[in-house]
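Q: pasted the sequence and its predicted model underneath.
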Amino acid sequence: MSTSTPLVSIVVCSVGRPEALNLCLDGLARLEEIPFEVVVVLGPGAESSASSIISRPEVGGLVRCPVRNLARSRNLGSDAAKGEIIAFIDDDAYPAEGWLSDLVPAFDDPEMGAVGGETLDYTGRTHQAVASLCTLAGDARPLLAHPTMGLTETPAARDFSYPIGTNLLVRAAALQSIGGFDEQFDYYHDETDLARRLLDAGWIVRPLPRGIVFHKFLPSAIRSERRIATDRRTILVNRAYFAARHQTPIDGPDVVRRDFGAFADRQQEEIGEAEANGAVPSGTLSSLIADRQYAAERLEGWLATPPSIIRHIPDPSSVEVRRATTTLTRSDGVLHLALIAPAGVASADILRRAIELSDEGCRVHLIEHATTHTTVDFEGGLWRHRVAHGPGVDVLAGDALPMEPLLGEVARIHRDLHALNTIVGEHVSLAALTASVWRTIDLEHLAACATTSERRALLASDSEITT
């Protein structure tokens, strides 16, 4: 950044998913180049003991939220934050190491209120969203390409783009200036409404390239194992509230009713089809119809008496632990490497070697073949890339598995996720990496190193990869 680099407070809200939360914190601990602290907000049903969380050096705050309300949890976390920028990420997500360093420089522009990066879905390979686009009615959809800068980021924009809540950075002063998140939005549209109010107040809200977060989209109180939202009362109610606040002054109540009916029809059709196919339990549709009626009644009340935002009231008693801590890891002191498993299979020995390198401070991408589809996961301090053969690749029984998809994944990591220093593997042809110069280290050579210092010297020596 052109000015002094600001402190970022990362707020993680969690309800009853301690394993996912710890994995998220593992990912945050590996962030590079930007100073940060972490504030964890535990909602009802979350892990009761603070000891395992607050013992982590990157965690500066532990906050309790007494109700299941994401907007309130985010507000309470923001109250405890000390950073000039507040970053929000879900407990079932984790970032690439460059998440903050990709996004924070945008705040050099004093008019920048909020930014966000690209979010990959549960596969870790394909996009959940590059950004999202929403109408004044509250009809939102994910975008898989970047919106045209400027056209969707003014108070006059009827359709506006915004970052999704699991990959969202907000200037603390901007958040304060508009009164924080509206706590009517217990779930769904909390970040959408925030973006709209920031735009209306004259701030810029901009989705940016890179800044990658891996969102695993785990089951929750409203979402099934199949990642289908089965309880849609909150979605319907908050869609109605959003339209009552933002669409009514422009289009009038009749248009708001019409558009809400069309939205509810789509929800009903989707759940009806899912129930007919056995994707959701029997009775889900009848519950949705009752929820639709309830949301329509709420909408009529809001149309009769225009609502004001439910403003946040700070609660100092919610802060269980607060301490001064800042984490900063410089990328020039970290080695990033791809470890290609011999024959594309990560044996116990290879996994042990990968973990050893990770424990020594390397960022390790372990590349292996997948049995079905390509996935990227963060497991045990390693990036695990399980790569499918790809369309048109015919592998017969007994044939050696092709190396080209694995090498292609190495190139993708280097291009899209983080620049690599070294590739470690067997003697493999790198002809698939067109116009690239890669330095490789043979596994046997690495295994011959007796000490950590020898391994690091081998990996770092003359090993810059150029493209």
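A: Ah, there it is.

Q: ok, and the closest non-adjacent residue to the residue nearest the centre of the chain?
A: Taking Cα atoms, centre = their mean, the centroid of the chain lies closest to Val213, which sits 3.7 Å from it. Excluding its sequence neighbours, the residue lying closest to Val213 (Cβ to Cβ, 6 or more residues apart in numbering) is Asn167, at 4.2 Å. The C-beta positions use only the backbone N, C-alpha and C, and glycine is treated the same way.

Q: ok, the one you found to Pro402 distance?
A: Using Cβ to Cβ, to the nearest Å, Asn167 is found at 34 Å from Pro402.

Q: ditto for Glu32
A: Applying Cβ to Cβ to Glu32 and Pro402 gives a distance of 33 Å.

Q: which one's more surrounded, these two?
A: Glu32 (20 against 16; other Cβ atoms under 10 Å).

Q: could you pull up phi and psi at the nearest residue to that one once chain neighbours are set aside?
A: Spatial nearest neighbour of Glu32, chain neighbours left out: Ser331 (4.3 Å); criterion: Cβ to Cβ, 6+ apart. Phi and psi for Ser331, reported as degrees, to the nearest 10, are phi -70, psi -20.

Q: before we move on, what about Cys449?
A: Dihedral angles (degrees, to the nearest 10) for Cys449: phi -70, psi 130.

Q: show the contacting residues for it.
A: Counting by Cβ atoms under 8 Å, 6 or more residues apart in numbering, Cys449 touches 455, 458.

Q: in terms of pLDDT, where does it sit?
A: For Cys449, the pLDDT comes out at 77.

Q: repeat that for Ser78.
A: 97.

Q: how about Ile89?
A: 97.

Q: separation between it and Gly211?
A: From Ile89 to Gly211 the distance is 11 Å (Cβ to Cβ).

Q: pull up the overlap in contacts between those two.
A: With Cβ under 8 Å, 6+ apart, Ile89 and Gly211 have common neighbours Asn167.

Q: circling back: now the phi/psi pair for the residue nearest to Val213, please.
A: phi -150, psi 70.

Q: who's in contact with it?
A: Shown in contact with Asn167 (Cβ under 8 Å, 6+ apart): 89, 93, 99, 116-119, 211, 213, 215.

Q: from Leu100, how far off is it?
A: 11 Å.

Q: ok, now Ala262?
A: Counting by Cβ to Cβ, the gap from Ala262 to Leu100 is 39 Å.

Q: out of the two, which sits in the more crowded spot?
A: Leu100 (25 against 11).

Q: isn't there a helix covering the more buried one?
A: Yes: using DSSP: H, G, I helix; E, B strand; the rest coil, the assignment for Leu100 is a helix.

Q: how close does it sit to Ile53?
A: 20 Å.

Q: can you name the residues that contact the residue nearest to the centre of the chain?
A: Counted by Cβ under 8 Å, 6+ apart, Val213 has contacts 89, 93-96, 99, 117-120, 166-167.

Q: again, but for Arg456
A: With Cβ under 8 Å, 6+ apart, Arg456 has these contacts: 335, 360-362.

Q: then it would be within a helix, right?
A: Yes: assessed with three-state DSSP, Arg456 lies in a helix.

Q: and Trp203, its phi and psi?
A: According to degrees, to the nearest 10, Trp203 has phi -80, psi 160.

Q: surely Glu33 touches Arg330?
A: Yes: at 6.7 Å, Glu33 counts as touching Arg330 under the criterion of Cβ atoms under 8 Å.

Q: among these two, which residue is more densely surrounded?
A: Neighbours were counted for Glu33 and for Arg330 using other Cβ under 10 Å; Glu33 has more, 18 against 8.
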